[in-house]
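Chemist: Got a predicted model here, sequence first, then my questions.
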Amino acid sequence: MRVYNFSAGPSMLPLEVLERVKRGITDYNGTGMSVMEMSHRSKPYEAINAEAEALIRELMEIPDDYDVLFVQGGATNQFSAVPLNLGTKKRKADYVVTGNFSQKAFEEGSRFVDAAVAASSADRNFTYIPELNKRSFRKDADFVHICYNNTIFGTRYSCPPDTGDIPLVCDMSSMILSQTVNVKDFALIYAGAQKNIGPAGVTLVIVKHELTNSPDDKCPVMLRYDNQVKNKSLYNTPPCFATYVVMEVLRYLKERGGISQMQKVNERKAKMLYEYIDSSGFYVNSVEKKYRSLMNVPFVTPDKELDERFVKQAAECGLVSLKGHRLVGGMRASIYNAMPEEGIDALIAFMEKFKKENA
Ligand SMILES: *Cc1c(COP(=O)(O)O)cnc(C)c1O
C-alpha cells in the first residue's frame, strides 16, 4: 500500500513517475539495459541529460544567458561553491539568515570570504522573513545569499528582495518548481533535487553565464562552474539515474500544465491546511501569515505528549513522516508538488478525529 508521505526530504515522487521508471528498469527505451548500467558517454544518456536541461529551461523560462547544471554534493556543496566562484572580486558577501540552512550557508561562506549577516529572523525563532531593501546590503558585496523557503521553520519570501546591482543567490531547494519565479531576479539559483525535483543525489544549479568565469584559484575542479558548464555537467561520472528520474518528473510536470498549474494546486492545498489549523482551536502554526510556506507546514497541539501521540497514530493511518524537525518540535507536513490533494484531505480528516479524541 502507498502511504501519504509528508517527509521534508527525500520526499514523495508522483506515482506515475515511479511507474514509468519501473517500466524501464531492466530495459530502458530498447537499449537492453537500465539507466543505472549505462555509460554516461552513451547516446541514450546524453539524450537524457539534454532533455532534463531543455525541460527545466522550458518550465522555468530560463533566459539563454543562464547556464543549467546538474551537479553532486547536494545543496550543501553549493554553500561552498557559491563563495568560491562568485565571491572573488571584493571577497565580501552578505547573507540573510532566516533558518537553519541559511545559517549554515553563512557559516560556510565565512570560511572563504568576508561574510556578513545582513538581516536575521533569529530573534523570533525564524517565524518571519525580515524586511529588506537596497540599504540592507553592503554596496561592494560580491553577492547576497537568501533561502527562499525555509524547510524547517515553514516560512518563505513573498517576493525576492531588491539587491540593486548586487547578484542575488538563492537556495530554492524546498520550493523550486512549486511556484513561478522570474529567473532574471536571480544571479544564481540552486536546489538539491530530493524535495521537489526528484531523488537525492543530484543538485540543480542555474547561473548567469557571466558569473561563472572568475572562480578562486583554489576552487576544487568539481565545484568550478566554468568547468561544469564546459563539460555540460559531464566532467566526471554524474548521478545518471537520479538525473534520469528528474527528467521523468519534468516530463510529468509539463504534461500536467507546468509550474503555474502546480502553483494553483499548491496554493489550494496550503490554504486548506492553514485554514483548518487556524480554525481548529487546537492546532497552532506560529508563522506570520504573510510569510507562510506553501511547502512546509509546521504545527503543534497544546502539549508535547499529544504531539508524539499524533505522529504515531497518524503513521498507523498511512500518514507518515509528520514528526517536526528537532529544532521546532511538534509536527511538520511537507506538501511538495507530488503530494496529491487527497493527501491533504486525509490529513485534515485525521487531525479532526485526533482533536475530538484528545481535546
Ligand atoms: C534540504 C535543504 C538543504 C540541504 O540539502 P542537501 O541536498 O541535503 O545538501 C539546503 N537548503 C534547503 C533550503 C533545504 O531544504
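Modeler: On my side now, so go ahead. Computed from a predicted structure; not experimentally measured.
Chemist: going forward, measure contacts and count neighbours with C-alpha atoms only.
Modeler: Fine.
Chemist: For the residue in the stretch 201-350 of the chain that the ligand sits nearest to, list each beta-bridge partner.
Modeler: Per CA to the nearest ligand atom, Thr203 is where the stretch 201-350 of the chain lies closest to the ligand, at 6.9 Å. Beta bridges link Thr203 to Val71, Gly192, judged by DSSP bridges.
Chemist: can you offset everything so residue one is 218?
Modeler: With 218 as the first residue, the last one maps to Thr420.
Chemist: and it, what does it touch?
Modeler: 286-292, 407-410 (CA atoms under 8 Å, 6 or more residues apart in numbering).
Chemist: can you check Gly547 too?
Modeler: Contacts of Gly547 by CA under 8 Å, 6+ apart are 515-518, 521, 524-525, 540-541.
Chemist: Just the buried residues from these, in ChimeraX please.
Modeler: Paste this into ChimeraX to select the buried members of the contacts of Gly547, with burial taken from 16 or more other CA atoms under 10 Å:
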select :515,516,517,518,524,525,540,541
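Chemist: Which ones, among the contacts of Gly547, also lie beside the ligand?
Modeler: Contacts with the ligand within these, as defined by CA under 6 Å from any ligand atom: none are present.
Chemist: related to what we said a few turns ago, among the contacts of Thr420, which one is most surrounded by other residues?
Modeler: Gly409 (31 neighbours; other CA atoms under 10 Å).
Chemist: My guess is that one contacts Gly291. True?
Modeler: Yes - between Gly409 and Gly291 a contact is recorded at 5.1 Å, counting by CA atoms under 8 Å.
Chemist: Mind listing the shared neighbours of those two?
Modeler: 417-420.
Chemist: nearest to Leu451, of these?
Modeler: Val419 (12.4 Å; CA to CA).
Chemist: who touches the closest one in this structure?
Modeler: 287-291, 409-410, 456, 459-460.
Chemist: what's the pLDDT at the spatially closest residue to Leu394 that is not a sequence neighbour?
Modeler: Spatial nearest neighbour of Leu394, excluding adjacent residues (CA to CA, 6 or more residues apart in numbering): Ile476 at 5.8 Å. pLDDT recorded at Ile476 is 98.
Chemist: Which secondary structure state is assigned to Ile476?
Modeler: helix (DSSP: H, G, I helix; E, B strand; the rest coil).
Chemist: burial count for it?
Modeler: Other residues close to Ile476 by other CA under 10 Å number 21.
Chemist: these two touch, right, it and Gln396?
Modeler: Yes - judged on CA under 8 Å, Ile476 makes contact with Gln396 at a distance of 5.9 Å.
Chemist: Please compute how far stretch 350-358 lies from its chain's middle.
Modeler: Chain-centre distance of stretch 350-358: 26 Å, with CA atoms, centre = their mean, to the nearest Å.
Chemist: CA-only coordinates of that stretch in CSV, if you can.
Modeler: Backbone C-alpha positions of stretch 350-358 (Å, rounded to 0.1, in the frame of the first residue of the first chain) are rendered in CSV as follows:
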residue,chain,number,x,y,z
ASN,A,350,15.8,46.9,0.8
LYS,A,351,18.9,48.0,-1.1
ARG,A,352,20.3,49.7,2.1
SER,A,353,20.2,46.3,3.9
PHE,A,354,23.3,45.2,1.9
ARG,A,355,26.9,46.4,1.6
LYS,A,356,27.3,48.1,-1.7
ASP,A,357,30.5,46.3,-2.6
ALA,A,358,29.3,42.8,-1.7
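Chemist: which residues touch that stretch?
Modeler: 307-311, 335-336, 361, 378-381, 383.
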